[in-house]
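Colleague: just a sequence and a predicted model for now, questions to come.
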Amino acid sequence: MNKSDSAGKLHQFYTCKALHILFPKADIHTPLLLEQHTNDFRVQEINSLKKIGRLTAKLISSRTLEEIVSVRDVGTVNDAIENTDDIEITTSSGGVETYSLKCAKKNLSLSLVLSKNPGAKSLITKYFRSPELQQAFNTALDELHLKFLNSIIQTDTTTIKAARTAIRALSSARNLGKPRFANFPTANSSRDVFLASLRDKLKGCLSNMSNTDLANAINLILDTGKNHILACYKSGSENVHFDRIPFKNESDIHGFELRGNDSVCIKTSDYIVGFRFKFESDICSSIKLVGDYKQSD
């Protein structure tokens, strides 16, 4: 798990702990194994994460008119597309409220918000409801991926697995460990060509979709209609902000734009939603797809 993911988990954990202080009789459930997420953070960063946990708990408390009797950290185990809630609270009357928490070392209410990792080979099916276009995209992705891998050490293998094996073997023979991009002269330029090709292929697929299907994906990335708490844990600037994005329909779709070398964006009346391709880590790692959004200027 990367540092930003761990920061999110710690935000949830410290919010639960802070809610327990505000409501000591409440049943608190958080399955987080704390030691797995704190190692990459300095003491000041942990203190800032604890502070936004307290601020988040106060914000939740201020929006809840009744006594909180139960708090569940559901985001620790959540993995469903539709269910991105992180904190679930139950009040004394039996009412249930959920919150999606996001944090970063910057003001997320004014900048790019990382939303989800849809999966390059499942995005079009799960978010845009088009398995036929997904199949065509996956075929193109595999062809482009193989071409990229073969370009790294000038091989002509016929499978992605064989190409990865050859690259890893050469990296090991050079005592380089994992095949990092910095250790292969043509890797960065080849990566740029590969990711730009994926970006263009995805834009072509999206251009053939109805606004209804585009809106469906937009609502999933934006988590429309849900309670969001965006937090900044930069030392000295810790703050939290409540947000609730209205549901989008087909009339809200205003077209597409390309962003940089690796992203396709869908423009709505008030948000820009991006889909960015990236490598998980080294040359032979999997291709990731990150969903993000930002308010329009």
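Modeller: Sure, I can see it. Here the structure is a predicted model, which means the values were calculated and not measured.
Colleague: any idea how far residue 239 is from residue 146?
Modeller: When CB to CB, to the nearest Å is the yardstick, residue 146 and residue 239 sit 47 Å from each other. For glycine as for every other residue, the C-beta is placed from the backbone atoms N, C-alpha and C.
Colleague: which one's more surrounded, these two?
Modeller: For residue 146 versus residue 239, neighbours defined as other CB atoms under 10 Å are more numerous around residue 146 (20 against 15).
Colleague: and that one, that one's in a helix?
Modeller: Yes - with DSSP: H, G, I helix; E, B strand; the rest coil as the criterion, residue 146 is located in a helix.
Colleague: show the contacting residues for it.
Modeller: For residue 146, the contact set (CB atoms under 8 Å, 6 or more residues apart in numbering) comprises 157, 158, 159, 160, 163.
Colleague: same thing but 6 Å
Modeller: If a contact means CB atoms under 6 Å, 6 or more residues apart in numbering, then residue 146 has residue 160 as its contacts.
Colleague: give me the neighbour count for the nearest residue to residue 164 once chain neighbours are set aside.
Modeller: For residue 164, ignoring the flanking residues on the chain, the nearest one in space by CB to CB, 6 or more residues apart in numbering is residue 284 at 4.4 Å. Neighbour count for residue 284, taken as other CB under 10 Å: 20.
Colleague: for the stretch 151-297 of the chain, what spans make up the strands?
Modeller: Assigned by DSSP state E, counting those that start in this stretch, the stretch 151-297 of the chain shows strands spanning 228-232, 239-243, 253-259, 263-268, 271-279, 287-295.
Colleague: ok, which of the ones you listed comes nearest residue 126?
Modeller: strand 287-295 (11.1 Å; CB to CB).
Colleague: need the residues that contact the closest one.
Modeller: The set of residues that contact strand 287-295 without belonging to it, under CB under 6 Å, 6+ apart, is 112-118, 120, 123, 221-222, 271-278, 280.
Colleague: could you redo the last one with a cut-off of 8 Å?
Modeller: With CB under 8 Å, 6+ apart as the contact definition, strand 287-295 has outside contacts at 110-120, 123, 141, 145, 198, 221-222, 270-280.
Colleague: on that earlier part again, can you add distance to residue 18 and mean pLDDT and give the strands of the stretch 151-297 of the chain back as a markdown table?
Modeller: Listed next are the strands of the stretch 151-297 of the chain as a markdown table, based on distance: least, CB to CB, whole Å; pLDDT from 0 to 100:
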| stretch | distance to residue 18 | mean pLDDT |
| --- | --- | --- |
| strand 228-232 | 12 | 95 |
| strand 239-243 | 11 | 94 |
| strand 253-259 | 37 | 95 |
| strand 263-268 | 34 | 96 |
| strand 271-279 | 30 | 96 |
| strand 287-295 | 27 | 93 |
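Colleague: tell me which of the ones you listed lies nearest to residue 182.
Modeller: For those, proximity to residue 182 was assessed by CB to CB; strand 271-279 is nearest, at 12.7 Å.
Colleague: give me the contact list for the closest one.
Modeller: Contact partners of strand 271-279, identified using CB under 8 Å, 6+ apart, comprise 112, 118, 120, 123, 181, 191, 195, 198-199, 202, 217-218, 221-222, 245, 248, 257, 259, 262-266, 285-296.
Colleague: need the nearest residue in space to residue 188, chain neighbours excluded.
Modeller: Distances taken as CB to CB, 6+ apart put residue 181 closest to residue 188, at 5.7 Å, once the chain neighbours are dropped.
Colleague: what are the ranges of the helices in the stretch 1-150 of the chain?
Modeller: Using DSSP state H, counting those that start in this stretch, the helices of the stretch 1-150 of the chain run over 3-22, 35-38, 43-63, 123-128, 131-153.
Colleague: thank you, goodbye.
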